[in-house]
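J.: mind looking at a prediction? Sequence and model below.
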Amino acid sequence: MMFRLDRLTTLHGLAAGACLLCLSCGDPFGAGDDPAQGADDPGRMPLHHMTASEYNTTVAHLLGTRLRPADGFPASGAKGFDANAGALASLSPALVQGYYGAARRLAEEAFADEAQRAEILVCDPEDSADAGCPRDIIERFGLRAFRRPLEADEIARYVAQYEHALTALEMSPVEAVQHVVRTLLTSPNFLLRAELGPDSARAPGALGGYEIASRLSYLLWSSLPDEALFDAAGCDALATEDELGAQVDRMLADPKSAAFYRNFFGQWLGLRALPSHNVDASLFPVWSGDMKGAMIAQASAYLSGFTTGERRWSELLTAPHPESPELAPLYANDPEGVRGGFLTLPAFLTLSSHDDRTSPTSRAKTILVQLFCVDIAPPADMVIPDLSVAGGDEIPAENVRKKLEKHRESPDCAVCHNVLDPIGLSLEHFDAIGAYRTTYPNGDEVDASGTYGEAEFQDLTGLLPELRKDTRLGTCPPRQLFAYALRRSPAGEDMHVIQEIAAGWGGGTIADLVKRVVASDSFRLRHAKRGAP
């Protein structure tokens with residue numbers, strides 16, 4: 001099977017002078033957007049274009065640029081992990097135009113910057129004695145841009161484009177190379193991630209080395225493979241569990257793995273929304289942009305301990321926090337033993353609050369939906385009244401517990417709130433930016449007590465042992481990582497694979513979980529083996 005995407009009616013190079021779009025013809029590879037298709041083809045990874053974060057990171061590592069062109073691309077509107085968006089369904093004319101403009105700016109900058117140009121020009125195209133130089137440049141750059149070797153006819157076509165630029169467009173050899181680079185950056189082979197290569201010789205249905213390399217690099221780095229991965233792909237050294245495990249260890253130790261925290265954890269746990277979160281500084285005078293930055297840094301450091309360190313995920317709700325001088329004002333009034341674990345991180349407490357007050361419902365929903373993979377959704381036709389009007393002026397707005405009690409008097413609201421409120425109210429000792437308090441602004445005493453199942457508790461410290469007993473804390477991460485790695489929602493036989501991964505992992509380190517996911521047939525094979533349910 002050919003690697004090329006050239007015949008897709010999606011994008012053509014700049015040299016073509018036009019762009020054909022087919023937004024209604026569906027996915028030519030049958031991927032579509034339906035997650036249920038995973039039940040019929042459990043090894044499938046849908047065709048999709050790079051997300052904004054992947055695009056920015058990829059061009060940074062490909063060209064050495066500091067530009068972030070994708071920040072100006074139209075938002076995809078994807079839900080959940082944004083990489084799960086179908087490629088062709090979300091390809092708009094505005095996005096195509098963004099790709100063209102970005103390619104022009106990136107190529108111009110790359111050839112104006114000496115260091116960037118030197119990375120592309122592996123030989124001197126001006127040297128008449130080296131007639132094969134343009135071809136060498138195209139092969140080398142094309143390998144990295146397309147994440148696999150160019151085929152013979154592709155090389156011939158780009159060499160012909162180079163020669164056309166020299167003669168018909170009267171460009172210099174370096175300008176002609178820049179012209180080809182710009183074209184490569186608008187190719188579907190660069191913009192789309194599709195697995196069309198031949199099977200590995202190792203096993204029927206096994207992904208080729210370059211496809212495995214891309215799966216690994218976009219999983220852990222949100223970017224193209226590096227030299228070591230390309231070398232391993234070229235000699236088919238990414239097929240065994242030991243080989244994959246060694247690469248995972250190497251890649252997580254690389255600074256580029258910061259993209260894994262930012263994109264996987266950021267999307268799964270919602271932390272990447274914190275930079276745009278607003279806080280009413282008139283109500284919380286210690287709040288500042290520096291404090292927000294410190295929250296993000298502390299949360300990243302906390303989660304890295306479960307990934308590159310030896311800390312087990314089973315300690316997520318109890319592990320000590322990394323020290324942060326900038327956040328000291330938030331910890332200043334903590335009683336002994338009250339702070340520890342993900343749920344008392346200022347980043348989590350702030351992000352799950354409104355700009356002016358806490359939101360026990362939001363905090364509880366984040367715990368259940370994000371950490372435990374519980375599906376919580378009110379009926380589509382249900383109108384949910386605003387909490388601020390519950391009880392009218394008789395109940396102070398600052399006393400969230402009393403407002404929620406009034407809110408639950410509605411039978412429609414009580415169905416969800418009876419589940420959510422006890423969990424969320426257990427965190428009421430922490431205000432909207434995560435500082436410990438014993439009273440509300442109006443002087444009412446904070447009451448964080450409640451009942452969870454059959455257990456009664458006085459505050460979060462009493463609830464935590466019950467939350468830690470919940471087996472979903474250990475089964476949710478495998479499901480989330482599987483979806484992120486395969487770029488689709490799990491369904492059908494995927495669930496059997498995820499159960500096996502979760503059982504073997506046992507709430508260990510995230511690094512170990514990554515190794516188990518990438519060693520699974522679903523990650524390594526184009527079509528995973530069918531197993532007994």
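T.: Done, it's in. This structure is a prediction, so every number in the text was calculated from the model and none was measured.

J.: when you work out contacts or count neighbours from here on, use the C-alpha atoms and nothing else.
T.: OK.

J.: what residues go with each domain of this protein?
T.: According to the domain assignment given by automatic domain parsing, the chain is divided into the following structural domains: 14-197, 293-299+316-469, 474-524.

J.: among the ones you listed, which is the most enclosed?
T.: domain 474-524 (a mean of 21; mean count of other CA atoms under 10 Å).

J.: how far does that one sit from the chain's center?
T.: For domain 474-524, the distance between its averaged C-alpha position and the chain's averaged C-alpha position is 15 Å (CA atoms, centre = their mean, to the nearest Å).

J.: gap between the two ends of that domain?
T.: One end of domain 474-524 sits 23 Å from the other (CA to CA, to the nearest Å).

J.: kindly report the same for stretch 349-360.
T.: Across stretch 349-360, the straight-line distance between its terminal residues is 10 Å, by CA to CA.

J.: what mean pLDDT does it have?
T.: Averaging pLDDT along stretch 349-360 yields 94.

J.: any idea of the pLDDT on the closest residue to residue 60 other than its chain neighbours?
T.: Spatial nearest neighbour of residue 60, excluding adjacent residues (CA to CA, 6 or more residues apart in numbering): residue 66 at 6.2 Å. At residue 66 the predicted local distance difference test score is 96.

J.: which SS class is residue 66?
T.: Judged by DSSP: H, G, I helix; E, B strand; the rest coil, the three-state class of residue 66 is coil.

J.: not counting its neighbours along the chain, what's nearest residue 211?
T.: Nearest residue to residue 211, sequence neighbours excluded (CA to CA, 6+ apart): residue 195, at 6.4 Å.

J.: try residue 485
T.: On the basis of CA to CA, 6+ apart, the spatially nearest residue to residue 485 that is not a chain neighbour turns out to be residue 219, at 5.6 Å.

J.: which other helices and strands does the helix or strand hosting residue 462 contact?
T.: Under the criterion DSSP states H and E, the helix or strand holding residue 462 is helix 460-469. Helices and strands touching helix 460-469, by 3 or more CA pairs under 8 Å, 6 or more residues apart in numbering; DSSP states H and E, are strand 455-457.

J.: now do the strands in this protein.
T.: Using DSSP state E, the strands found in the chain span residues 48-49, 192-193, 450-452, 455-457.

J.: with mean pLDDT and distance to residue 478 added, can I get the ones you listed in a markdown table?
T.: Supplementary listing: the strands of the chain in a markdown table, determined by pLDDT from 0 to 100; distance: least, CA to CA, whole Å:
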| stretch | mean pLDDT | distance to residue 478 |
| --- | --- | --- |
| strand 48-49 | 79 | 22 |
| strand 192-193 | 88 | 23 |
| strand 450-452 | 92 | 25 |
| strand 455-457 | 93 | 28 |
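
J.: dump those into TSV; add distance to residue 476 as well.
T.: As requested, these are exported to TSV (distance: least, CA to CA, whole Å):
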stretch	distance to residue 476
strand 48-49	25
strand 192-193	27
strand 450-452	20
strand 455-457	23
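
J.: and the residue of the chain most remote from its centre, how close does it get to residue 123?
T.: With distances taken as CA atoms, centre = their mean, the residue sitting farthest from the centre of the chain turns out to be residue 129, at 47.4 Å. Counting by CA to CA, the gap between residue 129 and residue 123 amounts to 11 Å.

J.: low-confidence ranges, the stretch 51-200 of the chain, go.
T.: By pLDDT under 70, the weakly predicted segments of the stretch 51-200 of the chain are 76-80, 82-90.

J.: the stretch 351-500 of the chain too?
T.: 377-398, 406-417.

J.: residue nearest the centroid of the chain?
T.: Nearest to the chain centroid, counting by CA atoms, centre = their mean: residue 263, 3.0 Å.

J.: could I get the contacting residues of that residue?
T.: When the contact criterion is CA atoms under 8 Å, 6 or more residues apart in numbering, the partners of residue 263 are 53, 222, 272.

J.: let's go with 10 Å and repeat that
T.: Under the criterion of CA atoms under 10 Å, 6 or more residues apart in numbering, the neighbours of residue 263 are 53-54, 81-83, 219-222, 257, 269-272, 484.

J.: likewise residue 330?
T.: If you count contacts by CA under 10 Å, 6+ apart, residue 330 has them with 286-287, 291, 346, 430-431, 433-437.

J.: tell me which two of those residues sit farthest apart.
T.: Across the contacts of residue 330, the two members that end up farthest from each other (CA to CA) are 291 and 437, 18.5 Å apart.

J.: got the contact list for the closest residue in space to residue 427 that isn't next to it in sequence?
T.: The shortest distance from residue 427 to any residue that is not its chain neighbour, by CA to CA, 6+ apart, is 5.9 Å, and that residue is residue 460. Contacts for residue 460 (CA under 10 Å, 6+ apart) come out as 338-339, 343-344, 422-429, 448-450, 467.

J.: look up how far residue 69 lies from residue 460.
T.: Using CA to CA, residue 460 is found at 44 Å from residue 69.

J.: for residue 305, same thing?
T.: As judged by CA to CA, residue 305 and residue 69 stand 32 Å apart.

J.: residue 318 too?
T.: Plainly put, residue 318 is 40 Å away from residue 69 if you go by CA to CA.

J.: same thing with residue 350?
T.: As defined by CA to CA, residue 350 lies at a distance of 30 Å from residue 69.

J.: do the same with residue 300
T.: Plainly put, residue 300 is 25 Å away from residue 69 if you go by CA to CA.

J.: pretty sure residue 470 is touching residue 372, no?
T.: Yes: between residue 470 and residue 372 there is a contact under CA atoms under 10 Å: 8.2 Å.

J.: quick one: the closest residue to residue 359 other than its chain neighbours and residue 424, what's the gap?
T.: What sits nearest to residue 359 in space, not counting adjacent residues and going by CA to CA, 6+ apart, is residue 353, at 4.8 Å. Noted for residue 353: a distance of 11 Å to residue 424, by CA to CA.

J.: overlap of the contact sets of the two?
T.: Taking CA under 10 Å, 6+ apart as the contact criterion, the common neighbours of residue 353 and residue 424 are 359-363.

J.: in TSV: the residues you listed, plus distance to residue 73.
T.: Below are these laid out as TSV (distance: CA to CA, whole Å):
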residue	distance to residue 73
359	32
360	35
361	33
362	30
363	31
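
J.: next step: these restricted to helices.
T.: Judged by DSSP state H, the shared contacts of residue 353 and residue 424 include 360-363 as members of helices.

J.: helices and strands around the top helix by length along the chain, which ones?
T.: When secondary structure is assigned using DSSP H, the longest helix within the chain turns out to be helix 93-112. If you count contacts as 3 or more CA pairs under 10 Å, 6 or more residues apart in numbering; DSSP states H and E, helix 93-112 packs onto helix 52-63, helix 114-120, helix 173-184.

J.: so which of the ones you listed comes closest to residue 100?
T.: Evaluated with CA to CA, the helices and strands packed on helix 93-112 place helix 173-184 nearest to residue 100, the distance being 8.6 Å.

J.: compute the inter-axis angle for that closest one and helix 93-112.
T.: On the basis of axes from the mean of the first three to the mean of the last three CA atoms, to 10 degrees, helix 173-184 is oriented at 150 degrees to helix 93-112.

J.: helices or strands up against helix 173-184?
T.: Under the contact rule (3+ CA pairs under 10 Å, 6+ apart), helix 173-184 is packed against helix 93-112, helix 114-120, helix 133-146, helix 152-167, helix 188-191.

J.: 7 Å - rerun?
T.: Helix 173-184 makes packing contacts with helix 93-112, helix 152-167 when contacts are defined by 3 or more CA pairs under 7 Å, 6 or more residues apart in numbering; DSSP states H and E.

J.: and the last one, what other elements does it pack with?
T.: Just to be clear, that refers to helix 152-167. Applying 3+ CA pairs under 7 Å, 6+ apart, one finds that helix 152-167 contacts helix 173-184.

J.: okay but the residue nearest to residue 60 is in contact with residue 59, surely?
T.: No: the pair residue 66 and residue 59 does not pass the contact test of CA atoms under 7 Å, sitting 8.7 Å apart.

J.: tally of neighbours for residue 275?
T.: One way to gauge burial is a neighbour count; for residue 275, by other CA atoms under 10 Å, it gives 13.
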